[in-house]
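Visitor: Would you be able to build a 3D model of this:
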Amino acid sequence: MKTFDAGSSPAGLFMKKICSKCDIEKELSEFHKDSSRKDSLRSDCKKCQCLRAQKYRNTDVGKKEIAKSKKRYGRSKKGKATIRAHDKKHKKDNPEKIKAYDAVKYALGTSKLKKKPCHCGATRIEGHHKDYNKPLEVEWLCSKHHKELHRKVRNE
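Guide: A predicted model of the protein is given here:
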């Protein structure tokens, strides 16, 4: 850690540290706290730590850890309460969607509607409504293609 004279700071001193990953000298505010370290700051800057975490989350191991963590949270008291609150708000904010979901569920139960495989051949499918006012006009898609469709619609 280096100390420089900078008249603009209240104490008259300006502290900097060199990141162990990018070797760039940065202000102390650019480092996360770490009480186990001598200077109480991480050795890598916030930006480098964020990039490292992003890389990890994109690995198979990272994805499995995230899935396990989400599952564990969903089973906790706080997680269940959060999910319940989200579901309640979703139902209140989207009555036309809920009405369409319920109509499809009823039609499937009474055999008035049949699920069809996705265009890729997958049989684990989800229903997609282009128009919630026509609840029984459903496009059957696998999870992958359903997400792709929603991404495309959202970006338009």
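Visitor: was I right about residue 117 contacting residue 140?
Guide: Yes. If you go by Cβ atoms under 8 Å, residue 117 and residue 140 touch, sitting 7.0 Å apart. The C-beta positions use only the backbone N, C-alpha and C, and glycine is treated the same way.
Visitor: Between those two, point out the one with more neighbours.
Guide: Using other Cβ atoms under 10 Å as the criterion, residue 117 and residue 140 rank with residue 140 on top: 18 against 13.
Visitor: beta partners for that one?
Guide: Here residue 140 sits in beta bridges with residue 127, going by DSSP bridges.
Visitor: what touches both of residue 117 and residue 140?
Guide: Overlap of the contact sets of residue 117 and residue 140 (by Cβ atoms under 8 Å, 6 or more residues apart in numbering) consists of residue 125.
Visitor: Using CSV, list the CA coordinates for the helix or strand hosting residue 55.
Guide: Assigned by DSSP states H and E, residue 55 belongs to helix 46-57. In CSV, the C-alpha atoms belonging to helix 46-57 read as follows (Å, rounded to 0.1, in the frame of the first residue of the first chain):
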residue,chain,number,x,y,z
LYS,A,46,-13.6,-5.3,-7.1
LYS,A,47,-13.5,-5.4,-10.9
CYS,A,48,-11.0,-8.4,-11.1
GLN,A,49,-13.0,-10.2,-8.4
CYS,A,50,-16.2,-9.7,-10.3
LEU,A,51,-14.7,-11.0,-13.5
ARG,A,52,-13.3,-14.1,-11.7
ALA,A,53,-16.8,-14.8,-10.1
GLN,A,54,-18.4,-14.4,-13.6
LYS,A,55,-16.0,-16.9,-15.1
TYR,A,56,-16.8,-19.4,-12.2
ARG,A,57,-20.5,-19.0,-12.5
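Visitor: for it, the distance to its chain's centre please.
Guide: Centroid separation for helix 46-57 versus its chain: 15 Å, with Cα atoms, centre = their mean, to the nearest Å.
Visitor: contacts for the very next helix or strand once past that helix?
Guide: Beyond helix 46-57 on the C-terminal side, the first helix or strand identified by DSSP H and E is helix 60-75. Residues from elsewhere that reach helix 60-75, judged by Cβ under 8 Å, 6+ apart: 56, 57, 79, 80, 83.
Visitor: Got the confidence number for the closest residue to the last one other than its chain neighbours?
Guide: Nearest residue to residue 83 in three dimensions, chain neighbours excluded: residue 74, at 6.3 Å (Cβ to Cβ, 6 or more residues apart in numbering). Confidence at residue 74, expressed as pLDDT, is 95.
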